[in-house]
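J.: pasting the structure only:
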């Protein structure tokens, strides 16, 4: 480690003002602060000194993503050849998923560096999370150039056009996914995309639940061969990181213990989802729509709901910032997710669009919460 | 001096005060008719015809139009021209006319046409007004064609109906390429339009106050 510090110190003058490589100062800063806590002191109030800076908190998110990622790799292999052993499935999965992650990081990183150099700001750590989130929401067999297109769109249109990290309206990883979803629907939806093996095509649990009109959704799911425990563990077809509710819960626990994600958003999401699903269950007998009869517990373990509410909705930039707002924001996402899943047969998976919709509403929710608070305090002041 | 002023009247709307990217007018049709180049071309031609015609006629009548009813008079002139071009398209370019559907008729409500008549033709001579109409029409058409070129190339792999992306690259021919379906949707035009605005404003440094 000492050796690395010496090298960094030796080349540092070149990147400073007037140095030869001053233009690429963001690159130096990125490497330097990745390995060492920056020595700079805060120059304006508040002078909070905390070891957990942006880089550490983003790395905590990545650690929280790892259980879901590793399980996703195994499941990718398992869906391609259910009879093979653990190691072989893991190998298949790693070979399929690692290229997606590499492409996402390399292409996204190039855009990030380009904008940092042109706009002369530091490279932001948030990208480390975005670059991992995107591949985890994709089908394992998606062509790599589509991942490159998606992450480019997510970084440039989803983030940089509005001013870069901290100014983005929408979660960049979800913008990237939405772009791939609408641009290349053949590679993003439908039964064949979820398994690497061509001869194995299986509907995802959500697709199975909406496959027959007028039937009972729970029956359709178990009829397709998916048990509750399989779906909870994640041994079902789906996006790379989104199938295992168990692994996602482990990540959620870490995010909540370290307080990096806000519990109100997750709790609100679950409340909204359960309430809407129960409402749907009540009107189910009167309709031919099978999805209406899906119970809340199934909504929780099927599809990407857990992944979206834990890792996507809690993005600190695009979510609501007030505590009351976070509840409303979470409930809204849970509500929209079930609504899209149940009522819009064109999109069997609702969480992507519902989180984006939540992002769009987040600033307005905050505005009304603040106005409400101002009005309340005005009334209290007038009483005195 | 007169030539320079005439040139500015004509060239201003091409880039600096472009009706779409700077004034953000006529967005509706820019989104709707830019899936393919041919519809965008015909739409641009139709708009140039209406814009030059309405500017010229309004300018010629500008001292006769009572200012209280000027909007109605201008709309009558514009509507007449739009109906003419709509009938011509139906007679000679029936297929494209069908694809453009109501958007030719909607030129009547296009903010650019009424905007130029109100803001320019009512106060200027016939020659200047015609030139202003031509400049704005071409400025509109340029953006339309740029958006349509990007959308048709990325969304369908063609240009004016001619295959540009080689056939053998496509997945169904054993290749790997797939057309970008996003570009066929209206949001695709929004994004392309936004990128054009971004590029233009980065170059000119123009900002909304």
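T.: Thanks, I have it. A quick note: this is a predicted structure, and the numbers were derived from the prediction, not measured.
J.: at the geometric centre of the chain, which residue sits there?
T.: Picked chain A for this. Centroid check for chain A by Cα atoms, centre = their mean gives residue A:312 as the closest residue, at 3.4 Å.
J.: nope, chain B
T.: Centre-nearest of chain B using Cα atoms, centre = their mean is residue B:140, 3.6 Å out.
J.: in chain B, what residue lies closest to chain A?
T.: Going by Cβ to the nearest Cβ, chain A is nearest to residue B:182 of chain B, at 3.7 Å. In short, each C-beta sits where N, CA and C put it, glycine included.
J.: does the longest helix along chain B reach chain A?
T.: Longest helix in chain B, counting residues (DSSP state H): helix B:126-156. No. Residues of helix B:126-156 are not located near chain A by Cβ under 8 Å from any Cβ of the partner chain, the shortest gap being 8.8 Å.
J.: what about residue B:124, how many residues nearby?
T.: A count of nearby residues for residue B:124, using other Cβ atoms under 10 Å in any protein chain shown, gives 18.
J.: how near is it to residue B:10?
T.: 13 Å (Cβ to Cβ, to the nearest Å).
J.: what do those two both touch?
T.: Common contacts of residue B:124 and residue B:10 (Cβ atoms under 8 Å, 6 or more residues apart in numbering or on different chains): residue B:132.
J.: which residue ranges of the stretch 101-250 of chain A form helices?
T.: Using DSSP state H, counting those that start in this stretch, the helices of the stretch 101-250 of chain A run over residues A:126-136, A:144-156, A:172-183, A:185-188, A:205-209, A:217-223, A:228-233, A:245-257.
J.: with chain B instead?
T.: So, for chain B - with DSSP H - the helices run B:2-11, B:27-32, B:37-60, B:70-92, B:94-100, B:102-105, B:111-116, B:126-156, B:186-204.
J.: kindly give the local confidence score, pLDDT, for the closest residue to the residue nearest to the centre of chain B other than its chain neighbours.
T.: Nearest residue to residue B:140, sequence neighbours excluded (Cβ to Cβ, 6 or more residues apart in numbering or on different chains): residue B:19, at 5.2 Å. pLDDT for residue B:19: 84.
J.: right, and residue B:19 touches residue B:25 too?
T.: Yes. Taking contacts as Cβ atoms under 8 Å, residue B:19 lies within contact range of residue B:25: 4.9 Å.
J.: show me which of the two is the more surrounded one.
T.: The residue with more neighbours, out of residue B:19 and residue B:25, is residue B:19; 26 against 19, by other Cβ under 10 Å.
J.: now the more buried one: phi and psi?
T.: Torsion angles at residue B:19 (phi, psi; degrees, to the nearest 10) stand at phi -60, psi -30.
J.: what sits against it?
T.: Residue B:19 touches B:13, B:25-26, B:112, B:115, B:136, B:139-140, counting by Cβ under 8 Å, 6+ apart.
J.: what about these, which one has the most neighbours?
T.: Using other Cβ under 10 Å as the neighbour test, the contacts of residue B:19 are led by residue B:136, with 32 neighbours.
J.: OK, contacts around that one?
T.: Residues in contact with residue B:136 (Cβ under 8 Å, 6+ apart) are B:13, B:19, B:51, B:112, B:116.
J.: circling back: right, and the residue nearest to the centre of chain B touches residue B:112 too?
T.: Yes. In terms of Cβ under 8 Å, residue B:140 counts as a neighbour of residue B:112; the distance is 6.1 Å.
J.: intersection of neighbour lists for those two?
T.: Both residue B:140 and residue B:112 are in contact with B:19, B:26, B:47, B:51, where contact means Cβ under 8 Å, 6+ apart.
J.: from residue B:104, how far out is the third one?
T.: This means residue B:47. From residue B:47 over to residue B:104 the distance is 9 Å, taken as Cβ to Cβ.
J.: in chain A, which residue sits closest to chain B?
T.: Closest contact between chain A and chain B, by Cβ to the nearest Cβ, is at residue A:183 (3.7 Å).
J.: what sits closest to that residue if chain neighbours are left out?
T.: Spatial nearest neighbour of residue A:183, excluding adjacent residues (Cβ to Cβ, 6+ apart): residue B:182 at 3.7 Å.
J.: how many residues are close by that neighbour?
T.: Residue B:182 - counted by other Cβ under 10 Å - has 22 other residues nearby.
J.: who in the stretch 51-200 of chain A is up against chain B?
T.: Counting by Cβ under 8 Å from any Cβ, the stretch 51-200 of chain A sits next to chain B at A:143, A:145-146, A:149, A:157, A:161, A:179, A:182-187.
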